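# this one's structure only:
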């Protein structure tokens, strides 16, 4: 693991510490400042901010470089977290929800950490670079919920100190970004030589990569953001909710230490299919009961399933587009991902109230089944030989 990967992993840890603490506390704060039906609105605002900033961030990286953009995104997150702390202190739900938009800008820039890692290694080590960068989220899995418990009641009102502490973590991410030394992104000299969107959209592997990312992330987020409300309805306390979210985030990122090697050994499509099966296993566990153990086990499987599906889809995406197309294809992919995530988060509170936790999980399994169908069809295409079919000669065009 080179210096850039190490710094990107730490940056990922800082960004995900922010996201995991906001995740574990935002619904609780929102419910107390407003009502259960609007409890997830601040989180939806955060994902909307991520969605809105993804394409501008890609353009900024093309023009000014990744280091400048990563630093600016972290500073934007610092401002958003300070506003969130002020919203909690004043009991102002509108300010708290609006602050989520700025925090989402930090999240948008953080989505490109994994793509920056790819540019730092040789082609045959791309899946490993993605895995090692995302492994920084494992540190966040411990730091985020632990920090929430330590700071929840440190100052009045609850979670005021938590959001103040996160401003320092976002500032740390800005400092880490200044230490990066990344190659410039490939730029298109002649716009007329670029493939059109319609040509790119006809690429079956690229479509499968985007579908896997969008469905995997959106369904995971739908169930993850609904979990605190479902646990509240099951008369489980905040400490238990923080524990479940903590183990979920551990499960999201712990497999990163071996997911890249697993992809190299078994192939991308098989690892993505395994991720789908783990998603379905998580849904099956939710049908068995509403005790702490059921929530914990289901969220652990959900996290591992997300990891395999997301890392696999990211690796498939990088192998399915040309270098000069990378910035706009990556921006399109993550824009669609967070469009799905924003919608899932916005409606998760209302859906869990209307459908109940178990029925919501059943409906969330339908898009996962669609992804599985697409993966199996792609595996069986005549041009594909075996489960390692996504591999191609190093210098051949996609």
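Received, thanks. Predicted model, so just to flag it, every value in this text is computed and none were measured.

# CA atoms for contacts and neighbours, from now on please.
OK.

# Where does pLDDT dip in this protein?
1, 123, 145, 185-197, 382-398 (pLDDT under 70).

# what residue lies at the spatial centre of it?
residue 217 (6.4 Å; CA atoms, centre = their mean).

# give me every residue that touches that one.
Listed by CA atoms under 8 Å, 6 or more residues apart in numbering, the contact set of residue 217 reads 306, 310, 337, 340, 341.

# can you check residue 151 too?
Here residue 151 is in contact with 159, 161, 162 (criterion: CA under 8 Å, 6+ apart).

# Count the neighbours of residue 325 for me.
16 (other CA atoms under 10 Å).

# ignore the last one, residue 183
Neighbours of residue 183 using other CA under 10 Å come to 11.

# Could you export the contacts of residue 217 to TSV, including columns for secondary structure?
What follows is the contacts of residue 217, written out as TSV (DSSP: H, G, I helix; E, B strand; the rest coil):
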residue	secondary structure
306	helix
310	helix
337	helix
340	helix
341	helix
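
# Please, where are all the strands along this protein?
Taking DSSP state E, the chain contains no strands at all.

# Number of residues surrounding residue 108?
Neighbour tally, residue 108, other CA under 10 Å: 31.

# In contact with it, which residues are there?
Contacts of residue 108 (CA under 8 Å, 6+ apart): 49, 50, 51, 53, 54, 57, 73.

# mind redoing it with 10 Å?
46-58, 70, 73-74, 102, 331, 334-335, 338 (CA atoms under 10 Å, 6 or more residues apart in numbering).

# again with residue 261
Taking CA under 10 Å, 6+ apart as the test, what residue 261 contacts is 125, 127, 128, 131, 267.

# try residue 104
Contacts of residue 104 by CA under 10 Å, 6+ apart are 19, 43-54, 73, 76-77, 80, 110.

# same question, residue 304
Contact analysis of residue 304 by CA under 10 Å, 6+ apart lists 248-256, 259, 274-276, 278-279, 282, 310.

# With residue 181 instead?
Per CA under 10 Å, 6+ apart, neighbours of residue 181: 3, 4, 7, 66, 67, 120.

# Show the buried residues in those.
4, 7, 66, 67, 120 (16 or more other CA atoms under 10 Å).

# would you turn the residues you listed into a markdown table with distance to residue 206?
Formatted as a markdown table, the buried ones among the contacts of residue 181 follow (distance: CA to CA, whole Å):
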| residue | distance to residue 206 |
| --- | --- |
| 4 | 27 |
| 7 | 29 |
| 66 | 24 |
| 67 | 27 |
| 120 | 22 |
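
# which one of those sits closest to residue 146?
Residue 146 has its nearest neighbour among these in residue 7, at 22.5 Å by CA to CA.

# Grab the nearest non-local neighbour of that closest one.
residue 176 (6.2 Å; CA to CA, 6 or more residues apart in numbering).

# Next, count neighbours for the one you found.
For residue 176, using other CA under 10 Å, the count is 22.

# Over to residue 369?
15.

# if I read this right, it contacts residue 277, doesn't it?
Yes - applying CA atoms under 10 Å, one finds residue 369 in contact with residue 277, separated by 8.9 Å.

# related to what we said a few turns ago, I'd like to know how far the residue nearest to residue 7 sits from residue 232.
37 Å (CA to CA, to the nearest Å).

# And for residue 212?
31 Å.

# of those two, who's got more company?
Taking other CA under 10 Å, residue 212 and residue 232 do not tie; residue 212 has more neighbours (33 against 14).

# Leaving out the residues flanking it, which one is nearest to that one?
residue 313 (5.8 Å).

# From what I see, the one you found and residue 209 are in contact.
Yes - judged on CA under 10 Å, residue 313 makes contact with residue 209 at a distance of 4.5 Å.

# list the residues that contact both of these two?
268, 269, 272, 319.

# just checking, the last one touches residue 203?
No - using CA under 10 Å, residue 319 makes no contact with residue 203, being 11.2 Å away.

# Next, count neighbours for residue 76.
Residue 76 has 22 nearby residues by other CA under 10 Å.

# What of residue 198?
So residue 198, with other CA under 10 Å, has 8 neighbours.

# Likewise for residue 178?
14.

# show me the contacts for the nearest residue in space to residue 222 that is not next to it in sequence.
With sequence-adjacent residues excluded and distances taken as CA to CA, 6+ apart, residue 222 is closest to residue 344, at 4.9 Å. Shown in contact with residue 344 (CA under 10 Å, 6+ apart): 40, 44, 47, 217-223, 225-226, 338, 351.

# Most widely separated two among these?
Pairwise over the contacts of residue 344, using CA to CA, the maximum falls at 338 and 351, 18.6 Å.

# These two: which is more packed in?
residue 338 (25 against 18).

# Any figure for the gap between that one and residue 52?
9 Å.

# now residue 105
Counting by CA to CA - residue 105 and residue 52 are separated by 8 Å.

# Find residues that contact each of these two.
Common neighbours of residue 105 and residue 52 (CA under 10 Å, 6+ apart) are residue 46.

# Give me the more crowded residue out of these two.
Comparing residue 105 with residue 52 by other CA under 10 Å, the one with more neighbours is residue 105, at 27 against 18.

# for that one, what are its contacts?
46-54, 57, 72-77, 80.

# So which of these are in helices?
Using DSSP state H, 46-54, 57, 72-77, 80 are the members of the contacts of residue 105 that sit in helices.

# Now the terminal residues of stretch 28-38, how far apart.
Stretch 28-38: ends 11 Å apart by CA to CA.

# buried stuff in it?
Neighbour-count burial for stretch 28-38, with 16+ other CA under 10 Å as criterion, is recorded at 28, 29, 30, 31, 33, 34, 36, 37, 38.

# Out of these, which two sit at the greatest distance?
29 and 37 (12.7 Å).

# quick one on the thing from earlier: can you select the buried ones among the contacts of residue 108 for me in PyMOL?
In PyMOL, a selection of the buried entries from the contacts of residue 108 looks like this (16+ other CA under 10 Å):
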select buried, resi 46+47+48+49+50+51+52+53+54+55+57+58+70+73+74+102+331+334+335+338
